[in-house]
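*Asks:* I'd like to go over a predicted model; first the sequence, then the structure.
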Amino acid sequence: VLRARRLESIRRAAARVAVELALAELAPGTDPHGLESLYAERLETAVGGRPDEAQFLLECSARLGSVDVLRAQSAAFELARHLRERFGTRWWTSRRAGALLLELWNTGTRYPPEALARELGLDAPAADVLARALV
C-alpha cells in the first residue's frame, strides 16, 4: 500500500510539471484560466482521476513545487539504496546508520537534495533514479 501511495504521489507530481511550467511562463497578473484542462488531462493520464478547479488551484503553483517533489523522491530512493548497501537490508536497526543520519540532521542545515547527495557521495537526483526505483 505504501509503495502504491508513493507511486501515485510521484505520478501526480510528474503530471503537475507541465502545468507549473505553463504557469511560470504567464506574465504576472495573467489569469491562469484554461490551464485547468491541461492539468485535468495530465492527471487523468497519470492516475486516472479528474480534478476539480479547486484541486488545480491548491496543487499547482508557479514556483514549480512538483519539480521539488520529484527531486526529493529521487534523493530519498538514492539514500535508501545507500543505507541498504552500507548497513544491510534492516539498516534502521543499525546504530551506525542512526549515527550517520543524526550527524546530517544535527548540523542544523536544511540540505537541498543535491547537497545531501553530494554530502553522502551519492548520484545527484535524476529522473532515471526514479525510473529504476519504481520498476
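*Replies:* Happy to help now that I have it. Since the model is a prediction, treat every value here as computed from it, not as a measurement. Residues are numbered from 1 along each chain as shown.
*Asks:* from here on, contacts and neighbour counts on C-alpha atoms
*Replies:* Noted.
*Asks:* and stretch 92-103, what's buried?
*Replies:* residue 97 (16 or more other CA atoms under 10 Å).
*Asks:* now do it, average pLDDT.
*Replies:* Stretch 92-103 shows a mean pLDDT of 90.
*Asks:* how far away from the center of its chain is it?
*Replies:* 24 Å (CA atoms, centre = their mean, to the nearest Å).
*Asks:* ok, stretch 99-115 next?
*Replies:* When C-alpha coordinates are averaged (CA atoms, centre = their mean), stretch 99-115 and its chain have centres 18 Å apart.
*Asks:* neighbouring contacts of that stretch?
*Replies:* For stretch 99-115, the external contacting residues (CA atoms under 8 Å, 6 or more residues apart in numbering) are 71, 72, 75, 124, 125.
*Asks:* now swap in stretch 38-54 and tell me
*Replies:* Residues contacting stretch 38-54 (CA under 8 Å, 6+ apart): 8, 11, 12, 15, 16, 19, 36, 56.
*Asks:* send the alpha carbons of that stretch over as PDB?
*Replies:* C-alpha atoms of stretch 38-54 as PDB (Å, rounded to 0.1, in the frame of the first residue of the first chain):
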ATOM      1  CA  LEU A  38      -4.300  20.800 -19.200                       C
ATOM      2  CA  TYR A  39      -4.000  19.700 -15.600                       C
ATOM      3  CA  ALA A  40      -7.100  17.500 -15.800                       C
ATOM      4  CA  GLU A  41      -5.800  15.800 -18.900                       C
ATOM      5  CA  ARG A  42      -2.300  15.200 -17.400                       C
ATOM      6  CA  LEU A  43      -3.800  13.900 -14.100                       C
ATOM      7  CA  GLU A  44      -6.200  11.600 -15.800                       C
ATOM      8  CA  THR A  45      -3.400  10.100 -17.800                       C
ATOM      9  CA  ALA A  46      -1.200   9.800 -14.700                       C
ATOM     10  CA  VAL A  47      -3.600   8.500 -12.100                       C
ATOM     11  CA  GLY A  48      -7.000   8.100 -13.700                       C
ATOM     12  CA  GLY A  49      -8.700  10.900 -11.800                       C
ATOM     13  CA  ARG A  50     -10.100  14.200 -12.900                       C
ATOM     14  CA  PRO A  51      -9.600  17.100 -10.600                       C
ATOM     15  CA  ASP A  52     -11.900  19.900 -10.000                       C
ATOM     16  CA  GLU A  53     -10.900  23.600 -10.300                       C
ATOM     17  CA  ALA A  54     -10.200  23.900  -6.500                       C
END
